[in-house]
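Engineer: here is a sequence together with a model predicted from it:
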Amino acid sequence: MSARQKTLTKSFHIQTYTGGIKMDFKKEVANKISQLVDMELEKIMELIEIPPQSNMGDYAFPCFQFAKTMRKAPNMIAADLAGKFTTDHVVGKVEAAGGYLNFFVNKSEFIKIVLSEVLAKGKDFGVSEEGKGKTVLVEFSSPNIAKPFHIGHLVNTLTGSAIEKIYRHLGYETQRLNHIGDYGTNFGKQIAAYKHWGNDEALEKEPINELLRVYIKFHDEVEKNPSLEDEARQLFKKLEDGDPEMMGLWQKFRDLSIVEFKKLYHEFNIEFDSYNGESFYTDKMGEVVQMLRDKNLLVLSNGAQIVDLEEFGMPPCLILKSDGATIYATRDLAAALYRHRTYNFHKCLYVVGNTQALHFKQIFRVLKQMGFDWSDNMSFVGTSLVKFADRKLATRSGDIIYAKDVLDEAGEKTLEIVEAKNSNLANKADVAKKVAMGAVAYTILKNNKDKDIIFSWEDILSFEGDSGPYVQYTCVRGKSVLRKAGEMPETADYSKLITEEEFALAKLLDSFKASLKEAADRYEPFVITRHVTELAKAYNKFYNTHPIMNAEPDLKAARLHLTKSVCNVIEIGLNMIGIEVPENM
RNA sequence: GUUCUCGUAGCUCAGUAGGAUAGAGCGUUCGCCUCCUAAGCGAAAGGCCGUGGGUUCGAUUCCCGCCGAGAACACCA
């Protein structure tokens, strides 16, 4: 299960070294509190929170829990502590409000440290050591060969890729696994269909369309001619037995399909380390079945071999069908075993549609019953279902929205907008493409995975407000300013940055690290999407009220540094969720 | 039927390891381009956080019931 792990209170944690002292504002505050109250530092760190409004302070310490032991009202305690607190260059001000002790950090000190760090680290800002030496496996995308990518696959692919990139940024070794659906009795049908009606030229040109066309024809024809079913069964048997002709066709379908998939992955900068799918595990299932038998976990039920999971409140896990054939679960068990041996993973994530929650829960439980405690390190990460307002979006229903259609539609609409807004752009097509991809990826990754996505063209092609183009646009404007400013001043006097808007930006730059951690712990890319949006919003506010180019030289330099920092962090975040930023738009 | 997820503004959603006036975007209404890209910014209106209990100094947040929506539940993957 996607265990929602503890998320950290966002802290203004500073990793750069200034004057040899590691700065951590939150810790500084905690240290100071610990001198006043009888409580362990760690406990204090846990209690410290960020006030809901920034004018209340940068950190807050709730005093309610002292009320009982000290036999005093919380607001009295807070007032008392505020009186005893000594301020300095780190914590500039303390206030008691309600039962809270509110702290204000020294703004210019804070801004200085944050901007220095962002600019020094560049694209590596937020990179951490926490994942060093640990391998995280992320299984995602996993389409079926010979079948077109639909919108549901796109959701899954973007989600998995984002999670993988987030973990990679945190220093983990990652393995991107595409468990493609490349095996099963339906390939008998596919081969039969192709042998009857396939066209080699069309296959080379548009493989998936051609394969789908003959597959659909097969289903139409089989109603008139039921013997086709038998033919398909025989061909699948031949394929299983290694018949060269069948193997050749299957291999060709597989290769061409993957080439097609890669085109789409390329649009979002997605790559895989492995395309080992179902076929890869066909010869690895015997061992699993034997192990289950040896451990006396297999039970005969209605002619099939199952693992009983009743004591865990789950339906049984089917291992062998009554005809002795293996099944989905058997393959996933074999894959788990293989992955454990091959990668010795720290975590193995299954980014799969939410509908498969039970299946994976069962798999993990069976592994546990087999004595494999490493199954605790496997997590199911269920992705949103895409539905229409009135009905489920299912492959069989015919109400399919293909990924390609969504991207094409987005591309066309974007090109129109680019034409209207900035018709003298040199590379309109390229810009339109990036913006279109941005709109789609953003919409897919802006919300919690637990919620279904109700498909609407209006939402997915959104270009205003909370949207991909909004964030891209913000970054583009910032970059444009930097370009116009020419050479970046080496140094800048950050003490010139004294407005609320500038301080707010520094806070958001810093808390990006906490958001990264939270996104990883929760397996939730939307945390990044939202953070980047907040940052864009704050920058737009700043941009509209603060002159940069026309500011006096020292201030201009500082604001350019700020602008560069913001663009940098926005771009890091957007890239994680599969969005590129054009130079102009 | 069993299990799981969800129910927050007209719509789409954040928030909640219990805490200070519940936040965004869209939509609606009204402002802002002699100034760095208006795909932008500002303002207004809009909420018994599904419902009834319980625990607590304090519940939108935790627990239980109910109502409503969705999903999964063995020989498909």
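Structural biologist: That came through, no problem. Numbers count the residues shown, from 1 in each chain, chains lettered A, B, ... in the order given.

Engineer: on the three-state scheme, A:Cys348 is what?
Structural biologist: Of the three states, A:Cys348 takes strand according to DSSP: H, G, I helix; E, B strand; the rest coil.

Engineer: in contact with it: list those residues for me.
Structural biologist: A:Cys348 makes contacts with A:136-137, A:139, A:336, A:339-340, A:377-379, as judged by C-beta atoms under 8 Å, 6 or more residues apart in numbering. The way it works is simple: take the backbone N, C-alpha and C, and place the C-beta from them, glycine included.

Engineer: select from the residues you listed every entry located in helices.
Structural biologist: A:336, A:339-340 (DSSP state H).

Engineer: confidence score at A:Met39?
Structural biologist: pLDDT for A:Met39: 82.

Engineer: over to the residue of chain A found nearest RNA strand B. Which of the three states is it?
Structural biologist: Proximity of chain A to RNA strand B (C-beta to the nearest atom of the strand) peaks at A:Gly465, 2.0 Å away. With three-state DSSP as the basis, A:Gly465 sits in coil.

Engineer: quick revisit: mind putting the contacts of A:Cys348 into JSON lines with neighbour count and pLDDT?
Structural biologist: Shown next, in JSON lines, are the contacts of A:Cys348 (neighbours: other C-beta atoms under 10 Å; pLDDT from 0 to 100):
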{"residue": "A:Val136", "neighbour count": "23", "pLDDT": "98"}
{"residue": "A:Leu137", "neighbour count": "25", "pLDDT": "98"}
{"residue": "A:Glu139", "neighbour count": "24", "pLDDT": "98"}
{"residue": "A:Ala336", "neighbour count": "24", "pLDDT": "98"}
{"residue": "A:Arg339", "neighbour count": "20", "pLDDT": "98"}
{"residue": "A:His340", "neighbour count": "18", "pLDDT": "97"}
{"residue": "A:Asn377", "neighbour count": "16", "pLDDT": "96"}
{"residue": "A:Met378", "neighbour count": "22", "pLDDT": "97"}
{"residue": "A:Ser379", "neighbour count": "18", "pLDDT": "96"}
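
Engineer: all strands of the stretch 351-500 of chain A, in order?
Structural biologist: A:378-383, A:386-387, A:453-454 (DSSP state E, counting those that start in this stretch).

Engineer: er, chain A actually
Structural biologist: According to DSSP state E, chain A carries its strands in the segments A:13-18, A:21-24, A:59-62, A:91-97, A:100-105, A:135-139, A:173-177, A:298-301, A:304-307, A:317-320, A:347-353, A:378-383, A:386-387, A:453-454.

Engineer: just put these in TSV and tack on distance to RNA strand B.
Structural biologist: Below are the strands of chain A laid out as TSV (distance: least, C-beta to the nearest atom of the strand, whole Å):
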stretch	distance to RNA strand B
strand A:13-18	14
strand A:21-24	16
strand A:59-62	3
strand A:91-97	4
strand A:100-105	3
strand A:135-139	13
strand A:173-177	15
strand A:298-301	4
strand A:304-307	4
strand A:317-320	4
strand A:347-353	8
strand A:378-383	9
strand A:386-387	7
strand A:453-454	5
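
Engineer: ok, which of those strands comes nearest A:Met246?
Structural biologist: Evaluated over the strands of chain A, closeness to A:Met246 peaks at strand A:317-320, with 24.5 Å, by C-beta to C-beta.
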